[in-house]
Each structure stands twice: as structure tokens, then as C-alpha cells.
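Asks: take this sequence and fold it.
(4 chains)
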2 protein chains.
Amino acid sequence: MSTETSKPLRADAARNRRSLLDAAVAAFREHGVTASLDDVAKAAGVGPGTLYRHFPSRDHLILAVIDDGLAGLAALGATLFEDPDPVQALQNWLAAFIDEGSAFSGLAGTLVATPPAVQSNACRQSRVTGRALVQRAIDAGRLRDDVDAGDVIDTAGAIAWIGEHPDRDPAQRERLLRILIEGIRRH
Amino acid sequence: MSTETSKPLRADAARNRRSLLDAAVAAFREHGVTASLDDVAKAAGVGPGTLYRHFPSRDHLILAVIDDGLAGLAALGATLFEDPDPVQALQNWLAAFIDEGSAFSGLAGTLVATPPAVQSNACRQSRVTGRALVQRAIDAGRLRDDVDAGDVIDTAGAIAWIGEHPDRDPAQRERLLRILIEGIRRH
DNA sequence: ACCTGAACACCGTTCAAGT
DNA sequence: ACCTGAACACCGTTCAAGT
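Replies: Here you go, the predicted model:
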């Protein structure tokens, strides 16, 4: 289901790639995105060199693991474009974005930083969708017209980041999202 | 100028503590708060064990390094309490808080997480000051009365966090702070 | 073309020995 | 009471050798 297009892999290489992704999901779930890459390789039954061949950096691996999630985010954005209320549509999308950024501990940082050289297609598409939803709400006169779309997405990522910290009220996410929406709305 | 009260140190221990703090400032400035503690110890001319004796964890060291800054934040808060405009006062304090959280790369995370067991006096005092400034603005009817002071401080920390990432517009900080203030203000 | 795994450089942390 | 520094367990990354 990955949107990444690339030359087909040899059968064993494809199998290893899948094992690595599966092992990474399990490791990230348990230890966050800073999980030991050595352990990931071990759990996948491959040498560390194989991991590095497939994913040259930790960020590459992280982005690959959440590739489906990011593609889903882009698809959701397309649907929300039909929503008659552009502010509600944006809010729904941002909530989904925050959820995606909360999938693993430490993920928000990768999502906000995303070195351009590492960005996957799905990553780019999801960002484009987010920007478009912001722009639509501005064009409809519902947001201040000096609002920057990148600021909105960064702030949503930051909300996910805050949620990563221990001892946070689970309801905080909703309150922070409300502050963000109220902060960009035209009153 | 530290507000931390503790039993006086032996002369050589006090000297080592100072050297460690000085070395840590230099290392944090250059490499962020994830700088090698081994290098810090080396630069301070002590063994790694001495560093651990003075600062049992990286967070302890970080908090100690910014202790003066946090004390200054508390002092600023006391002054701002005299400001006739409670929203402007809060905004000024948050801007200073964000600045403090931007002193070193990676510092925002420590400031937002601050494990209670590690929190210094200055750290606690600065948070109390921030909360009080929020409460004053609520009591004056200038903020929504369901605004949570912790949310406001967390969001300010998150703004500092966003600013840590590469390729960010330096003017973004002001825009994000505006979103925060507009997001909590009563309209 | 891809994989393996030893090897390297590094790091945080502990603790026995010293003063 | 405090410091030293060797030792330990661990990590990311590379690369020569293999298939």
C-alpha cells in the first residue's frame, strides 16, 4: 500500500524489507522511535548492514513505517474538501494529523522536522493536503488572512509532541486543538 | 545566584561544580542539550564519576545550567504583575519563557517534561509565576475562564520546541505566540 | 545484487581504589 | 568526603568477505 515508487526488489530483499518494517513497528510501539536499530535488525533476523541498506537513517525507517498512515491522511484530506464547513473540515484533519503524530512516542519530532531529503511521497502529499485545507478556510473568510499554513501544521505537530510527555491529561489534546482553532479563526 | 539551598560544598567540590557548569554551557551551546557528558567532564578536567556525583542525570545538569534564567523568569513575573494590562503582561512573560526555552537546542523538551523529582526551586517558582499570570488574566475576564494555565505554559514550551527545528522563519515565534494569545483570549 | 557480521568509535553509568 | 579512571554494557555505522 506504499505510495513510494521504486525499482522492484529481489525476492529476498523484499522479504527482508517487510521483516524490518514489522520489527520496527513492534519496537517503536514498545520503546518509541528511539528504539535500538540493532534490536530491530535482530528481531527481523537480518544483520545491521541490511537495515542500513534499506533505510539509510532512522528517519527513513520511521517515515517508511508510517507511510500508510500518511497516505491515509492525504486521502482523508481529499474527503474533507467536500465538507461544507471549511473550519470544521480543517479541525477534523488536524485531529487526525495529531493522532498520526501520536502513533509512537517521539514521532512528532520526526513529523515536524522531516528533512526534505528524507520526505516520502505520502509525507509530502499529506502536507499539501493540510495546506490546502487551511487555504480554503482562509479563502472562505473564516480564518485571518495572515495565517500561515505551515504554522498551523507545525502547531498541530507540537500538540502531538506535548501529548508524548508523561502525566498529561488525555483531554488536553482537545483543549489545545481548540486553542489553535480559536487562535486562527476570524472572530 | 542559584536559589538552590543545600549544604555547603568542600572547596574542591565547589570548584568542580563550577567547572562542570561552565563546560556544560559551552557544550550545550555548541551541540545542544544532548552534548556528550563525557566531553563535558573532560572539558571540566574531572572524571565522569565526578559529573555524576554532582548531577545524577542529564536533566539535573540542564536544570542547573539554566537555574539563573529560570530565577530571572520568576523575577520578571513578579514585575509583570504590576502591569495594568493582564493579557499584555502574560504575553510578555510567555515571550521571555519561550526565549529561555530556546537558549539551547533541545532545551524545550526538558522544560516541558521536567520530571517533578528533578525540578529545581527556580523551575517551580517560574511555573507558579506563569500560572498566576494566567489566572490574573482569567479573573480580569480577559481570557476564557475554562483556559488551563498548564496548557498555556505547555504551548509556550511547544513554540520554543518548534523554533528548534532547522529552516524555520525567525518571525514564526511571534506569529505562533499571537495564535496562542488569540486562542485563549475572550473575544 | 544483496546479505552477513565482525570491527570501529562512541556513549552513559558504575564502582573499587585512592587521597 | 570527594575524586579518579578503568571497566562494563550498549549503540550506530561501516565495510570486507561471502552468496
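Asks: dump stretch A:97-107 to PDB, keeping only the CA atoms.
Replies: Listed next in PDB are the C-alpha coordinates belonging to stretch A:97-107 (Å, rounded to 0.1, in the frame of the first residue of the first chain):
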ATOM      1  CA  PHE A  97      -2.800  14.600  11.900                       C
ATOM      2  CA  ILE A  98      -2.300  14.800  15.700                       C
ATOM      3  CA  ASP A  99      -3.400  11.200  16.100                       C
ATOM      4  CA  GLU A 100      -1.000  10.100  13.400                       C
ATOM      5  CA  GLY A 101       1.800  12.100  15.100                       C
ATOM      6  CA  SER A 102       1.000  10.300  18.400                       C
ATOM      7  CA  ALA A 103       1.300   6.800  16.900                       C
ATOM      8  CA  PHE A 104       4.700   6.300  18.600                       C
ATOM      9  CA  SER A 105       6.400   8.200  21.300                       C
ATOM     10  CA  GLY A 106       8.900  10.600  19.700                       C
ATOM     11  CA  LEU A 107       7.200  10.500  16.400                       C
END
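Asks: so who does A:Gly47 touch?
Replies: Counting by Cβ atoms under 8 Å, 6 or more residues apart in numbering or on different chains, A:Gly47 touches A:Ala41. For every residue, glycine as well, the C-beta is placed using N, CA and C.
Asks: roughly how far does it sit from A:Arg131?
Replies: Remark: distance between A:Gly47 and A:Arg131 (Cβ to Cβ, to the nearest Å) = 41 Å.
Asks: now A:Leu63
Replies: As judged by Cβ to Cβ, A:Leu63 and A:Arg131 stand 19 Å apart.
Asks: which of those two has more residues huddled nearby?
Replies: For A:Leu63 against A:Arg131, the residue with the higher neighbour count under other Cβ atoms under 10 Å in any protein chain shown is A:Leu63, and the figures read 22 against 16.
Asks: next secondary structure element downstream of the helix or strand hosting A:Arg18?
Replies: Element membership of A:Arg18 [criterion: DSSP states H and E] is helix A:11-31. Where DSSP H and E defines the elements, the next helix or strand beyond helix A:11-31 is helix A:37-44.
Asks: identify the residues contacting the helix or strand that that following helix is followed by?
Replies: Next in sequence after helix A:37-44, counting helices and strands by DSSP H and E, comes helix A:48-54. Under the contact criterion Cβ under 8 Å, 6+ apart, helix A:48-54 has outside partners A:Ala13, A:Asn16, A:Arg17, A:Leu20, A:Leu37, A:Asp38, A:Val40, A:Ala41, A:Ala44, A:Leu61.
Asks: and DNA strand D, which of the residues you listed contact it?
Replies: Restricting these to those touching DNA strand D (Cβ under 7 Å from any atom of the strand) yields A:Leu37, A:Asp38.
Asks: how about the contacts made by A:Leu94?
Replies: Residues in contact with A:Leu94, defined by Cβ under 8 Å, 6+ apart, are A:Gly130, A:Val152, A:Ala156, A:Leu177, A:Leu180, A:Ile181.
Asks: sort out which one of the residues you listed lies nearest B:Gln172 for me.
Replies: Proximity to B:Gln172 was ranked across the contacts of A:Leu94 by Cβ to Cβ; first place goes to A:Val152, at 11.5 Å.
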